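S.K.: predicted model and sequence follow; I will ask about them next.
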2 protein chains.
Amino acid sequence: MEKIADIIQKNTGITFTNIEILQTAFCHTSYANEHAKEKLKDNERLEFLGDAVLELITSDFLFNTYPDKPEGQLTRMRAQLVKEPSLALVARKYQLDQLIQLGKGEEASGGRFRDSIVSDAFEAFLGAIYLDQGFARVTEFLQQALLKPHLQIIKVINIDYKTLFQEKVQSQGPVNIDYRLIKEEGPAHHRLFVVALYLDDQLVSQGQGYSKKSAQMAAAEAALEAMDEKGKL
Amino acid sequence: MEKIADIIQKNTGITFTNIEILQTAFCHTSYANEHAKEKLKDNERLEFLGDAVLELITSDFLFNTYPDKPEGQLTRMRAQLVKEPSLALVARKYQLDQLIQLGKGEEASGGRFRDSIVSDAFEAFLGAIYLDQGFARVTEFLQQALLKPHLQIIKVINIDYKTLFQEKVQSQGPVNIDYRLIKEEGPAHHRLFVVALYLDDQLVSQGQGYSKKSAQMAAAEAALEAMDEKGKL
């Protein structure tokens, strides 16, 4: 009963008063359905609330950080910040994905690695902080976790390193770019891919990820960094 | 300069500290464009913020008012409450529509009577209260203005009185329902229609509104009320 509260305390610094609300935040509907007898609440109502908490705190932050940007730009930045990959990224950084209770089928099919499930739990967690600790505390947490590193997060989620790399190297003359899958391991729902990036058959970098595309992106990013260090860009 | 603050104080009970922010809330983009030299800010950024304020306060209210309703129902109720006609209804009740500053063209084409412009200004006004008076004060105002009378507002906005009336009278046997336009007056962009409702050529009720449909709805509602009083329903 106390365990989840201890982990949250350790990972986020937040000490919950109402442990039940915290447990509800991490109870996926598939788990509640499997434990119907225990009449567990799933996290959907908290997610409804947390989504609105996230929206206001993010809007307030952008409104005050960018006093001269027009509404359209603020709206686009907000959309980037609150979208699933951003929230899942932050949730994983605090290892909140490990706390989600999933039904057996959902766990077996890799639900824990899906951005949608992780970001929903993150929103529910925000709703729980808001209810248990108040608006000021959840604002403080979100500023630290999501908003202050926001430009970096927007960058991580958006930059297409493959295209960027291709544009850079081909601007220096024609060259053949080849991504080669050199290893894959782990279960089907959580398969890790390792990709090597070759320029004219010469190994430049490697990257890994849980999809071939993200492994290629990682390889391209590593190559860009290496070129940057050599002063080639 | 002080005038708008006095009106707001009288109509809503809120005493603004920052009058400029209040003026910005009611400055439509068409007015700001016409007065480009004065470098007025329009209300779009405040609307961006106020929209999020509205979303959270409404979500919080529904979450706590309906502890047993599933997320889907809360989401549908929230959508009803925060949609343009609801917000415009509340704004007009507090005569906030009269405070909007519009460009000449927008005024001439009836912009002041458009729900979209009135509800946007209402959201901007919420953003202004939030910035000037804080979260607790804007929550108090919204609860009083929108959320506590929410079931009534949802009803006003949704009920199709014409269909309801038709169902009621035709359940008592076949009868001919006829809406007749008996008067229209005022300028084209703000034309008032008066409609009389006849049952088998007998006058039952009258209704008026700024569209033929809303006049018919008002007539049907009046007829339902009259039947209700006579114990016919």
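M.R.: Nice, thanks for sending it over. Residues are numbered from 1 along each chain as shown, chains lettered A, B, ... in the order given.
S.K.: element containing the spatially most central residue of chain A, please.
M.R.: Taking Cα atoms, centre = their mean, the centroid of chain A lies closest to residue A:89, which sits 1.7 Å from it. Residue A:89 belongs to helix A:84-93 when assigned by DSSP states H and E.
S.K.: test my guess that residue A:58 contacts residue A:78.
M.R.: Yes. With contact defined as Cβ atoms under 8 Å, residue A:58 and residue A:78 form a contacting pair (5.3 Å). C-beta here means a position set from N, CA and C on the backbone, and glycine is covered the same way.
S.K.: what residues of the longest helix that chain A contains count as buried?
M.R.: When chain A is parsed with DSSP state H, its longest helix is helix A:44-65. Residues of helix A:44-65 classed as buried: A:44-63 (neighbour count, 16 or more other Cβ atoms under 10 Å in any protein chain shown).
S.K.: can you tell me what sits against the helix holding residue A:89?
M.R.: The contact list for helix A:84-93, computed with Cβ atoms under 8 Å, 6 or more residues apart in numbering or on different chains, reads A:54, A:80, A:97, A:115-116, A:118-119, A:121-123, A:125, A:145-146, A:153-154, A:156-157.
S.K.: returning to that earlier point: next helix or strand past the longest helix of chain A?
M.R.: Scanning forward in sequence from helix A:44-65 by DSSP H and E, the next helix or strand is helix A:71-81.
S.K.: report whether that next one contacts chain B.
M.R.: Yes. Judged by Cβ under 8 Å from any Cβ of the partner chain, helix A:71-81 comes into contact with chain B at A:71, A:74, A:75.
S.K.: what's the pLDDT at the last one?
M.R.: Residue A:75 carries a pLDDT score of 89 in this model.
S.K.: just for chain A, where's the confidence low?
M.R.: When the per-residue scores of chain A are filtered using pLDDT under 70, the ranges that remain are A:1-2, A:155-159, A:228-233.
S.K.: who in it is up against chain B?
M.R.: Within chain A, the positions lying close to chain B (Cβ under 8 Å from any Cβ) are A:44-45, A:47-49, A:51-53, A:55-56, A:58-60, A:63, A:70-71, A:74-75, A:135.
S.K.: got the domain ranges for chain A?
M.R.: Structural domains annotated on chain A: A:3-158, A:161-229, as defined by automatic domain parsing.
S.K.: quick one: contacts for the closest residue to residue A:125 other than its chain neighbours?
M.R.: In space, residue A:125 comes closest to residue A:25 once its chain neighbours are excluded; the distance is 4.7 Å by Cβ to Cβ, 6 or more residues apart in numbering or on different chains. Contact analysis of residue A:25 by Cβ under 8 Å, 6+ apart lists A:43, A:46, A:50, A:121, A:124, A:125, A:127, A:128.
S.K.: distance-wise, check the third one relative to residue B:63.
M.R.: Read that as residue A:50. Residue A:50 sits 10 Å away from residue B:63 when distances are taken as Cβ to Cβ, to the nearest Å.
S.K.: go on, the fourth one?
M.R.: Taken as Cβ to Cβ, the spacing of residue A:121 relative to residue B:63 amounts to 17 Å.
S.K.: and residue A:94, by the same measure?
M.R.: According to Cβ to Cβ, residue A:94 and residue B:63 sit 24 Å apart.
S.K.: I'm done for today, thanks for sticking with me.
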